[in-house]
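Peer 1: The sequence isn't on hand, but the structure is:
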């Protein structure tokens, strides 16, 4: 089953829109271009198969408890300092996934690192 991807509001929707606009009009900087490309690839894989092996998708119990719904984490990158992670939930509709966060991997998840992550709202 293919999923439609939505962006959480306001943070994820604003970030994605800014990246798209600057990429399309040629004003994107090198770091943002790298993020845009990696995120775009990850979103495509996520929409086709949330459990795609390269995404290394897994649920994050501390965030699921805090937000009252199962929150998933998927990799944008791996094996690099501050590798970025995409946080998401299923919904609000059955065939939708909403991206609610994009953060560097918490340095030490055993010491409350996920407590510092703030996620966007669903629309």
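Peer 2: On my side now, so go ahead. The structure presented is a predicted model; accordingly, all values stated were derived computationally and were not measured. Numbering: from 1, shown residues only.
Peer 1: Which parts of this structure are helices?
Peer 2: 11-24, 30-48, 61-67 (DSSP state H).
Peer 1: Columns mean pLDDT on top of the ones you listed, output as TSV?
Peer 2: Output for the helices of the chain, formatted as TSV (pLDDT from 0 to 100):
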stretch	mean pLDDT
helix 11-24	96
helix 30-48	97
helix 61-67	91
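Peer 1: can the ones you listed go into JSON lines with extra columns for mean neighbour count and distance to residue 5?
Peer 2: C-beta: built from backbone N, CA, C; applies to glycine. Output for these, formatted as JSON lines (neighbours: other CB atoms under 10 Å; distance: least, CB to CB, whole Å):
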{"stretch": "helix 11-24", "mean neighbour count": "15", "distance to residue 5": "9"}
{"stretch": "helix 30-48", "mean neighbour count": "15", "distance to residue 5": "5"}
{"stretch": "helix 61-67", "mean neighbour count": "15", "distance to residue 5": "19"}
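Peer 1: what's near enough to touch residue 99?
Peer 2: Listed by CB atoms under 8 Å, 6 or more residues apart in numbering, the contact partners of residue 99 are 5, 6, 7, 8, 12, 16, 43, 86, 87, 88, 120.
Peer 1: which of these tops the neighbour count?
Peer 2: residue 88 (27 neighbours; other CB atoms under 10 Å).
Peer 1: Does it touch residue 97 like I think?
Peer 2: Yes. Using CB atoms under 8 Å, residue 88 makes contact with residue 97 at a distance of 5.4 Å.
Peer 1: overlap in contacts of the two?
Peer 2: residue 46.
Peer 1: Can you get me a residue count around residue 28?
Peer 2: Residue 28: 19 neighbours (other CB under 10 Å).
Peer 1: That concludes my questions; thank you for your assistance.
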